[in-house]
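*Asks:* give the three-dimensional model of this entry:
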Amino acid sequence: MPVVTSEPYMKPLKTKSQIRAEIDQQINQYLASGGAVNRVDSGISGNIQNTNLFSSSASFQPKQDRTPVTEAIQQIEERKKATSAATTKHTKRPRKKLITDDFGEPLRWVWVDT
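*Replies:* Numbers count the residues shown, from 1 in each chain. Below is the predicted model:
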């Protein structure tokens, strides 16, 4: 019996040959509609200045000094300690403990104050 799932089916992925065929079809449609392809020599860039944009590091901002915040961190830590001391006074609840015999077999449960 087939298993029925509520998950949607995945779209089938295109193979490389299918993608190539689609690209070839698009190129042929473009050329058939009167489009033309200009030949561009190797080494020519679309950049107007035809320079490497990443070769000069002058465009980057200099490293800025960091502002020390040790006083603010100390104040925050002091507030944490003050609030944690006030909130740690919980009333301890009893918990259940399993009593076993010498062979590890369970005998009974007992409530134990912690």
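*Asks:* list the contacts for the most far-flung residue of the chain relative to its centre?
*Replies:* Distance from the centre of the chain peaks at residue 102, with 52.1 Å (CA atoms, centre = their mean). For residue 102, no residue meets the contact criterion (CB atoms under 8 Å, 6 or more residues apart in numbering). Just so you know, the C-beta spots here come from the backbone N, C-alpha and C atoms, and that holds for glycine as well.
*Asks:* and the pLDDT at it?
*Replies:* Listed pLDDT for residue 102 reads 90.
*Asks:* what's the answer for residue 1, then?
*Replies:* 51.
*Asks:* check residue 19 too.
*Replies:* Residue 19 is assigned 95 on the pLDDT scale.
*Asks:* SS state for the residue farthest from the centre of the chain?
*Replies:* Using DSSP: H, G, I helix; E, B strand; the rest coil, the structure places residue 102 in coil.
*Asks:* for it, what are phi and psi?
*Replies:* Per-residue torsions, residue 102: phi -60, psi -20 (degrees, to the nearest 10).
*Asks:* how far away is it from residue 112?
*Replies:* The gap separating residue 102 from residue 112 is 20 Å, by CB to CB, to the nearest Å.
*Asks:* residue 24 too?
*Replies:* 79 Å.
*Asks:* just residue 75 next, same as before
*Replies:* Separation of residue 75 from residue 112 (CB to CB): 42 Å.
*Asks:* count of neighbours near residue 37?
*Replies:* For residue 37, the count of nearby residues is 8 (other CB atoms under 10 Å).
*Asks:* just the element for the nearest residue to it once chain neighbours are set aside, please.
*Replies:* Nearest in space to residue 37, with sequence neighbours left out and distances taken as CB to CB, 6 or more residues apart in numbering, is residue 31 at 7.4 Å. Secondary structure assigned from DSSP states H and E places residue 31 in helix 16-32.
*Asks:* roughly how far is the helix or strand following that helix from the heart of the chain?
*Replies:* Toward the C-terminus, helix 16-32 is succeeded by helix 70-87 as the next helix or strand (DSSP H and E). A distance of 32 Å separates the centroid of the chain from that of helix 70-87, by CA atoms, centre = their mean, to the nearest Å.
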